[in-house]
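Asker: Okay, sequence plus prediction incoming.
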Amino acid sequence: MRLSTIIGFIIGISVIFLSIYLRNPDMLDYFVNLPSIIIVGGGTTAAILINFSFRQILSGLKAFRYTLVGSVMDPEGVINLIVEMAVKARKEGFMSIRELSTAGKYPLLDIGVDLVADGTDPGVTRGILETVSDYLQMKIGADERIWRDIGVYAPLYGMVGTLIGLIMLLKTLDDPASIAPNMSVALMATFSGILLAGLVCMPVAGKIRVYNTNMALAREIIIEGVASIQAGDNSQIVREKLRAYLAGRQ
Amino acid sequence: MRLSTIIGFIIGISVIFLSIYLRNPDMLDYFVNLPSIIIVGGGTTAAILINFSFRQILSGLKAFRYTLVGSVMDPEGVINLIVEMAVKARKEGFMSIRELSTAGKYPLLDIGVDLVADGTDPGVTRGILETVSDYLQMKIGADERIWRDIGVYAPLYGMVGTLIGLIMLLKTLDDPASIAPNMSVALMATFSGILLAGLVCMPVAGKIRVYNTNMALAREIIIEGVASIQAGDNSQIVREKLRAYLAGRQ
Amino acid sequence: MRLSTIIGFIIGISVIFLSIYLRNPDMLDYFVNLPSIIIVGGGTTAAILINFSFRQILSGLKAFRYTLVGSVMDPEGVINLIVEMAVKARKEGFMSIRELSTAGKYPLLDIGVDLVADGTDPGVTRGILETVSDYLQMKIGADERIWRDIGVYAPLYGMVGTLIGLIMLLKTLDDPASIAPNMSVALMATFSGILLAGLVCMPVAGKIRVYNTNMALAREIIIEGVASIQAGDNSQIVREKLRAYLAGRQ
Amino acid sequence: MRLSTIIGFIIGISVIFLSIYLRNPDMLDYFVNLPSIIIVGGGTTAAILINFSFRQILSGLKAFRYTLVGSVMDPEGVINLIVEMAVKARKEGFMSIRELSTAGKYPLLDIGVDLVADGTDPGVTRGILETVSDYLQMKIGADERIWRDIGVYAPLYGMVGTLIGLIMLLKTLDDPASIAPNMSVALMATFSGILLAGLVCMPVAGKIRVYNTNMALAREIIIEGVASIQAGDNSQIVREKLRAYLAGRQ
Amino acid sequence: MRLSTIIGFIIGISVIFLSIYLRNPDMLDYFVNLPSIIIVGGGTTAAILINFSFRQILSGLKAFRYTLVGSVMDPEGVINLIVEMAVKARKEGFMSIRELSTAGKYPLLDIGVDLVADGTDPGVTRGILETVSDYLQMKIGADERIWRDIGVYAPLYGMVGTLIGLIMLLKTLDDPASIAPNMSVALMATFSGILLAGLVCMPVAGKIRVYNTNMALAREIIIEGVASIQAGDNSQIVREKLRAYLAGRQ
């Protein structure tokens, strides 16, 4: 996912740059318009601050890193590891699989391994793993939502900026020649707001969503695998149960 | 959450103020436009009064206080308390945990403690606690909805105001020089409506939603904890079950 | 809810009246524009007739009365009555609670009382009461939907009316001086459509929804209460089970 | 539902006709604009062909007949028939109810009667009837969706038509006097698209939805009734179970 | 579905072509506007790259082939085959049905046949088949979503392109005669964006959805059939169970 994010930003910025440059190379700096940036950036910041807590905003902004993750997980590898655990558990008992712990590479699997090795009841084990998975998904969903909401407030404050410009322009109309350039400036806020939403917020929110979905799939495989280990399924059934999830792999 | 709400409002108002001031310091008072305030404020008030009951509107407006709550709860503290209760219940019986009641700090936990101490059936206990939790969430959801609806009606009445201005302006067109200033005034209603929605209603509704989600998480921990106490789980299982919810902590 | 509906309509109409009157007292009658009323009223009527059956439209329009209901129910009173029934049933048998029938004040409770007194199986009893409750909620939901749909068609036909006016105006442009007044008339249809949606349809649909939600809550209390009577719960448990629903009271 | 559909179309067409005629009787034929019909009709046809298969489109268009159905079913009659079956089944055995088959009037009831008479397991019977009912509902839901989608594409191609007209008009601007009439023609496409959506597609989709909901309710009564016959319920319980569904009757 | 897709594209392109040609044959090439293509195509590409991973984008674009599939499956044939399997399984044992494997024509059925022949537990078998089916549906749903998202970004970048044109035009207004043609060019971006969405993205996404729904129906029949074989149902029950799904056939 990393490369596509970076190439996407490069293409997006180049296309906007080119669209302006090809028509009139002298107007590139005209499009970096301070008042538009103040109203769109400031207004959106204000709305987001009222809408969320600092902790959430920080968490949301940091979620940008999910768009730069190379690849979410190696499902084949996880399945092989779980099958190996199932075999070991049948041969040497549940205690033994702790040796195959991934030491933090797949945190949910490690939690599951610990619970299995401790002899926790299968229902309780699945309950704990599903709770962790559901709430993790909700958390990243909340991170995504912050980007979606920035993508809603940015065009809204773009419109506010354009309205302010238009209202002032129409009120203080003394020189007809100044109408068009002033209207041009007023439209800049709408332009900035839409661009911020369409090039940054919406796509970033979208990729966080992709990351979240992929991670949830990975966790479902792990939860099913741990349950399968506890049920004492033979390795072939474990593998078939888990490979069923790969039908949805992207 | 308190600080972010207050800072948000300060930034939002400053940005609008600055956007106007920087272009034309003399026009600040022009943007406080009585007819716009009448149509947007009055129309929205009317729609909200028809849409809800007085009791709900009052409850909704008072829900603004949720945006000023410092921090929703201390999950670690709650978990430690519930673990302590579980240990005490195993040692000294269910009756004993009444001593650990939070005396109103966590009302749902207190209800649960009472039910457990009274020897209520676990199914009934969970049923009662979940009913309280679900309906509390619905209630705050209804409070949020009032703000969302104000945020829908405000721009709508902004448009109504602008349309009234435009229709009158076009009808009584005798002096062409008056068109632009009159159109400027007409646009003010749209500006007020959008600003009310984008700076107040939508973000406030959003933060009430955040509060509601966080509170629901806290209540889920309590419900699971009370069930765990009644099931006689050992302290380690109780802690693991409850800490699983913290994966979604924000 | 009655008072808020009436006050809402008074404020809404006054605000529109004032907004026009303050700017130009002579133009009040200008805003009562027959062609706009024909296209918005007639078009919306046509669409609603195609969209629903006569029976539904009648039921939907009559649902307006729900916005004028003083107060939906007295939950404390219902809970006290059910607790009384539970006590009586434990003492004197299920047959005896028929004496406490509400004689139509709470129809669902009366159905429940009859079923309990007839010795109907608890599962069947709950099934029948839930079916009645679910379908009643669906019915009032359909009533609400008619108002929502009027609120969608009205602005749409407002736009159709404005487009017809605009198309004719642009085609038959001989006297430039007539453009503005004709455009003014054309905009009237949009104004009427939006006002009909924003002042009548959307808020009325909203209050029908509020009524429906409150009634559903009341019925949930009754269903839970009847189940509790059949289960032979003691009065304290019945009361605690039912009071749990009041957490969502508005 | 038949009459309301027909009256709706008559009112709708009359209102549009009148709106044009009253302002300028000479312009009625002007509103039948071939290029608009080509772009809106052709573009929408193209999009619908790409979006669905021939079979679905045919099925969707034929679903228009549901808007002309007089009345969906006679619930009281169905309930009486099922009660009669239940009585007969208790007296003369399941085989005997085949005599009461409706011979195609209520196909789902006939399927149920056959299954009961064949001595099919109650779980399997309910499973088969629910599958038939669910997929029938999905099918009519897909028919409805085609009308909804036409109602989305029509205004979109109206906009495309208006944009084409506007772009050509602005490019080839030599005679200022031709601007207004050309703009008038350009707007015709938007007018046609919105009218097609608002007078035909959306209301027809709406009535198909009403038909679908009513039919689903009828089928739920039949499924519950067949289950009740198999369970050997006495006639009073059967009637009470089934009449519970009529709470949602419209 | 193949033919309708191809005919749809031919009609769509012809209609746009004709709409332009009939008004002014000389302006056909004017509508192939490079800057518009750069901003709409480039901007949309950028947003999609940021929003999804390369793997998903490739998978999504390749999903276009689903719009060219002749017919999804022959449900009668599948049902007959499964009934034949059920008969064989009852006569010759589960091992024997492996001979009736479809060798890849219906992959899910083959997986089911293998599981049944291996004597897998019915619950596990259904679990595996449902997991495969659910995740396959999610995957094609994700493919559909890419087309939906292109259909959102294209008009958005059309608006960005038009705004850039408008802003530059209004700023560098020296020759009033150049306003109209420049505005014409600016509108071209909006035109391209809407056309890309309305003629390609939305209908293609729609047909992928149709394909996905039909395939899911086919898989439900297979899953139910395999369960029926394992349950040892007689051939008549199997056929009745499976034919129930055809009520939803389109």
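Answerer: Great, that's in hand.
Asker: how much does the helix ranked longest in chain A deviate in direction from helix B:122-171?
Answerer: Determined from DSSP state H, the single longest helix within chain A is helix A:122-171. Going by axes from the mean of the first three to the mean of the last three CA atoms, to 10 degrees, helix A:122-171 is angled at 10 degrees with respect to helix B:122-171.
Asker: Quick one: distance of helix A:122-171 to the chain centre.
Answerer: Computed by CA atoms, centre = their mean, to the nearest Å, the chain-centroid distance of helix A:122-171 equals 11 Å.
Asker: So residue A:64 sits against residue A:204, correct?
Answerer: Yes: using CB atoms under 8 Å, residue A:64 is in contact with residue A:204, at 6.2 Å. Quick note: C-beta positions are derived from backbone N, CA and C, even for glycine.
Asker: more crowded one of those two?
Answerer: Each of residue A:64 and residue A:204 has its neighbours counted (other CB atoms under 10 Å in any protein chain shown); residue A:204 has more, 26 against 15.
Asker: Wait, the more buried one touches residue A:61, no?
Answerer: No: the criterion here is CB under 8 Å, and residue A:204 misses it with residue A:61 at 10.1 Å.
Asker: tell me the contacts of the residue of chain A found nearest chain D?
Answerer: Nearest to chain D in chain A, going by CB to the nearest CB, is residue A:180, at a distance of 15.9 Å. Residue A:180 sits next to E:170, E:171, E:173 when contact means CB atoms under 8 Å, 6 or more residues apart in numbering or on different chains.
Asker: Compare these and tell me which has the most neighbours.
Answerer: residue E:170 (21 neighbours).
Asker: Which parts of chain A are helices?
Answerer: Counting by DSSP H, the helices of chain A are A:2-23, A:34-37, A:43-51, A:54-62, A:75-92, A:107-117, A:122-171, A:179-195, A:202-230, A:235-243.
Asker: which of the ones you listed is buried the deepest?
Answerer: helix A:43-51 (a mean of 25; mean count of other CB atoms under 10 Å in any protein chain shown).
Asker: any idea how far the residue nearest the centre of chain A lies from residue A:222?
Answerer: Taking CA atoms, centre = their mean, the centroid of chain A lies closest to residue A:208, which sits 1.4 Å from it. For residue A:208, the distance to residue A:222 equals 21 Å [CB to CB, to the nearest Å].
Asker: same question, residue A:117
Answerer: 15 Å.
Asker: Tell me where chain A is predicted with low confidence.
Answerer: Within chain A, the segments meeting pLDDT under 70 span A:1, A:72, A:248-250.
Asker: Let's see that with 90 instead.
Answerer: For chain A, residues meeting the criterion pLDDT under 90 lie at A:1-3, A:22-35, A:69-77, A:99-106, A:169-182, A:185, A:234, A:246-250.
Asker: What separation do you get for the residue of it positioned farthest from its centre and residue B:21?
Answerer: Distance from the C-alpha centroid of chain A, by CA atoms, centre = their mean, peaks at residue A:174 (49.6 Å). Separation of residue A:174 from residue B:21 (CB to CB) stands at 20 Å.
Asker: Grab the nearest non-local neighbour of the residue in chain A positioned nearest to chain C.
Answerer: Per CB to the nearest CB, residue A:170 is where chain A lies closest to chain C, at 15.9 Å. Distances taken as CB to CB, 6 or more residues apart in numbering or on different chains place residue B:184 nearest to residue A:170, at 3.6 Å, with adjacent residues excluded.
Asker: how many neighbours does residue A:63 have?
Answerer: Using other CB under 10 Å: residue A:63 sits among 22 other residues.
Asker: which residues does the residue nearest to it when sequence neighbours are not counted contact?
Answerer: Among residues not flanking residue A:63 along the chain, residue A:143 sits closest, at 3.5 Å (CB to CB, 6+ apart). By CB under 8 Å, 6+ apart, the residues touching residue A:143 are A:59, A:60, A:62, A:63, A:66, A:208.
Asker: Likewise for residue A:124?
Answerer: If you count contacts by CB under 8 Å, 6+ apart, then residue A:124 has A:115, B:237, B:241 around it.
Asker: CSV for those, including distance to residue D:200?
Answerer: Formatted as CSV, these follow (distance: CB to CB, whole Å):
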residue, distance to residue D:200
A:115, 60
B:237, 63
B:241, 57
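Asker: From those residues, pick the one nearest residue B:53.
Answerer: residue B:241 (40.5 Å; CB to CB).
Asker: Check the gap between that closest one and residue B:105 for me.
Answerer: From residue B:241 to residue B:105 the distance is 22 Å (CB to CB).
Asker: Now do the same contact list for residue A:30.
Answerer: Per CB under 8 Å, 6+ apart, neighbours of residue A:30: residue E:171.
Asker: quick one: it and residue B:122, what's the gap?
Answerer: From residue A:30 to residue B:122 the distance is 70 Å (CB to CB).
Asker: got it, and residue A:114?
Answerer: 27 Å.
Asker: try residue A:49
Answerer: 43 Å.
Asker: try residue A:56
Answerer: Residue A:56 is 35 Å from residue B:122, by CB to CB.
Asker: which residue sits closest to residue A:244, ignoring its sequence neighbours?
Answerer: In space, and not counting its chain neighbours, residue A:244 is closest to residue E:131: 3.8 Å by CB to CB, 6+ apart.
Asker: wait, the one you found sits on residue A:242?
Answerer: No: contact criterion CB under 8 Å: residue E:131 and residue A:242 do not qualify, at 9.1 Å.
Asker: Next, count neighbours for residue A:100.
Answerer: Counted with other CB under 10 Å, residue A:100 comes out at 15.
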